[in-house]
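*Asks:* Sequence plus the predicted model coming up.
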2 protein chains.
Amino acid sequence: MTILDGKNVSNDIKDEIAAEVSKMKENGEKVPHLAAVIVGNDGASLTYVGSKVRACERVGFESTLIKLPNTVSEIELLDTIEELNQNDDIDGFIIQLPLPPQINTQEVLMAVDPDKDVDGFHPTNFGKMALDMSTFIPATPFGILELIDRYGVETKGKHTVVIGRSHIVGRPMSILMGRKGFPGNSTVTLTHSHTKNITQITSQADIIISALGVPNFLKAEMVKDDVVIIDVGITRVPDETRPRGYRITGDVDFENVSKKASFITPVPGGVGPMTIAMLLKNTLLARERHSKL
Amino acid sequence: MTILDGKNVSNDIKDEIAAEVSKMKENGEKVPHLAAVIVGNDGASLTYVGSKVRACERVGFESTLIKLPNTVSEIELLDTIEELNQNDDIDGFIIQLPLPPQINTQEVLMAVDPDKDVDGFHPTNFGKMALDMSTFIPATPFGILELIDRYGVETKGKHTVVIGRSHIVGRPMSILMGRKGFPGNSTVTLTHSHTKNITQITSQADIIISALGVPNFLKAEMVKDDVVIIDVGITRVPDETRPRGYRITGDVDFENVSKKASFITPVPGGVGPMTIAMLLKNTLLARERHSKL
């Protein structure tokens, strides 16, 4: 059994990006610049955005954090987005979700210039992904592909079962694993809340990607020997023995499933750390594309 | 066993659209206007475009057919598209495929205004579809959804197996059948040329949508009792007994599979006739949206 070590791989990726940025600086080129917009004071959102800004600093990117009050109007937010779209110094930017209820999230995400949409949430980028065109792949799915790639996990002709059909993980993963090329060429089954006999399906899977958000949902008796497990679940479970009063738990009963698996991601330290690394990677790609325009 | 009669249903849809157009005329409103661009003199393409124009006439739409020579340059074609984008009288238009080799098909399809893209091939529309937003669904998948809807075929919690991952049928169907709502909420497996043990997968399916293009690929021993069969295959098989020297054959061994099926589309007369009806429907939707702008 091999651990798919997202912490290690994401550090490798950050080191590679930092080396690229050093070269850019040596050549007197502009370095990538990521902006993040955050609305309000939600603790988890501030933590996530803070990690993204720190990651930018680590690899040598420029970063800009734009904080807007919780009471901001949709028009004011759209104005901010338009400024970022127009600002040639900004290569990519993200709008940290969730947004407060007075704002239509869909309208806001639609307003981001697809060429700066390093989260890959804009329909134009999502459509390009589904039509096998070059685009920004959303960071979490991109991170899963990268883990599979770096560990050389075979996907061609394998049966991949995706659990959960969210727009940011399950649905894009189901598309990506069935595309031509590597990673891809899998037979893909997408399962969700209406799926019957989930055990019958998971027990046939060569690869399981679980993005359900139900702690310890996937048990050893639901998988076959040598299965590959990608656990995208990150649920906070109360735990008084931890300093913060909770622990992060995945969808998979790691202790028992890992005994049958050929490859498995831990939680934490699996898919999670890959997400920020791939956001940086998308920002680097955005810079490279803009420099060619 | 119930035949999913696309010929009948498509006639119903055309009658419904014609009734809508009559109302528009009575109210002095502009009627929908579809334009079709065809490049070159390929016989099959001319036949398809001709059918589309005749269908417009039947329901009372205005139609414009733009014929360009096989030698047209990409820039000239893009100019034509830009004129159609700008022309307020045109509600929707299609570029008949395939295009000659000097033209980059992807560039051309990207140039169509998504609000006039009644084929639903633009990445923005494809992405909206995959993200559950309102959009133009490509005509063949839209026709399959409509057949399922009108015959009340249950899809929720069913296992749908899609055979073939083309951009115009297989991939969009795999997305649509797994979306929330009806038709949808299926557990969906997308299979393709790299799929192993296809029989093991099809024999578990409640619904099979085959868009492979291999005559009589799907045999009775590959399906379970009461399966629902949607056959999107249309292959010309040489047949000297027919006036044209060929017959149109689907992916499914209809004679034997139909004995086990609960619902099944014939070929011809199943999915085929639905495609043009749904192109008209998309054009009507385009007109309705434009009238609200």
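*Replies:* Great, that's in hand.

*Asks:* now the end-to-end length of stretch A:117-130.
*Replies:* 16 Å (Cα to Cα, to the nearest Å).

*Asks:* Stretch A:187-196 spans what distance, first to last residue?
*Replies:* Terminal residues of stretch A:187-196 lie 19 Å apart, using Cα to Cα.

*Asks:* Per-residue pLDDT of A:I148, please?
*Replies:* pLDDT, A:I148: 98.

*Asks:* Could you do A:L293 as well?
*Replies:* 75.

*Asks:* what number of residues lie near it?
*Replies:* Using other Cβ atoms under 10 Å in any protein chain shown, A:L293 is surrounded by 6 other residues. Any C-beta I mention is one placed from the backbone N, CA and C, and that applies to glycine too.

*Asks:* same check, this time on A:T64
*Replies:* 16.

*Asks:* With A:S73 instead?
*Replies:* With other Cβ under 10 Å as criterion, A:S73 counts 11.

*Asks:* For it, which non-adjacent residue is spatially closest?
*Replies:* Distances taken as Cβ to Cβ, 6 or more residues apart in numbering or on different chains place A:Q102 nearest to A:S73, at 6.9 Å, with adjacent residues excluded.

*Asks:* My read is that the one you found contacts A:E74, right?
*Replies:* Yes - under the criterion of Cβ atoms under 8 Å, A:Q102 makes contact with A:E74 at 6.7 Å.

*Asks:* Those two: who's more crowded?
*Replies:* More crowded of A:Q102 and A:E74, by other Cβ under 10 Å: A:E74, with 16 against 11.

*Asks:* separation between that one and chain B?
*Replies:* Taking Cβ to the nearest Cβ, to the nearest Å as the measure, A:E74 falls 17 Å from chain B.

*Asks:* Give me the secondary structure label for the closest residue in space to that residue that isn't next to it in sequence.
*Replies:* In this structure, A:E74 finds its nearest non-sequential neighbour in A:I103, 4.8 Å apart by Cβ to Cβ, 6+ apart. Secondary structure, DSSP: H, G, I helix; E, B strand; the rest coil: A:I103 is coil.

*Asks:* quick one, phi psi at A:I103?
*Replies:* phi -110, psi 130 (degrees, to the nearest 10).

*Asks:* Quick one: the helices in the stretch 51-200 of chain A, in order.
*Replies:* With DSSP state H, counting those that start in this stretch, the ranges of helices along the stretch 51-200 of chain A come out as A:74-86, A:105-111, A:123-130, A:139-150, A:170-176, A:198-202.

*Asks:* would you turn the ones you listed into TSV with distance to B:R179?
*Replies:* As requested, the helices of the stretch 51-200 of chain A are exported to TSV (distance: least, Cβ to Cβ, whole Å):
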stretch	distance to B:R179
helix A:74-86	27
helix A:105-111	16
helix A:123-130	13
helix A:139-150	18
helix A:170-176	9
helix A:198-202	19
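
*Asks:* For B:N11, find the nearest of these.
*Replies:* helix A:123-130 (32.2 Å; Cβ to Cβ).

*Asks:* could you give the angle of that closest one to helix B:123-130?
*Replies:* Helix A:123-130 and helix B:123-130 are oriented at 80 degrees to each other (axes from the mean of the first three to the mean of the last three Cα atoms, to 10 degrees).

*Asks:* Whether helix A:123-130 contacts chain B - can you check?
*Replies:* Yes - interface with chain B: helix A:123-130 contributes A:P123, A:T124, A:N125, A:F126, A:G127, A:K128, A:M129, A:A130 (Cβ under 8 Å from any Cβ of the partner chain).

*Asks:* cool, stretch A:286-293 as well?
*Replies:* No - Stretch A:286-293 stays clear of chain B (Cβ under 8 Å from any Cβ), getting no nearer than 15.6 Å.

*Asks:* May I see the buried residues of that stretch?
*Replies:* A:A286, A:R287, A:H290 (16 or more other Cβ atoms under 10 Å in any protein chain shown).

*Asks:* now stretch A:267-279
*Replies:* Neighbour count says stretch A:267-279 has A:V267, A:G269, A:G270, A:V271, A:G272, A:P273, A:M274, A:T275, A:I276, A:A277, A:M278, A:L279 buried, by 16+ other Cβ under 10 Å.

*Asks:* ditto for stretch A:213-220
*Replies:* Judged by neighbour count using 16+ other Cβ under 10 Å, the buried positions of stretch A:213-220 are A:G213, A:P215, A:N216, A:F217, A:L218.

*Asks:* Now do the closest residue to A:C56 other than its chain neighbours against A:I95, distance only.
*Replies:* Leaving aside its sequence neighbours, A:C56 sits nearest to A:S63 (Cβ to Cβ, 6+ apart; 3.7 Å). According to Cβ to Cβ, to the nearest Å, A:S63 stands 15 Å off from A:I95.
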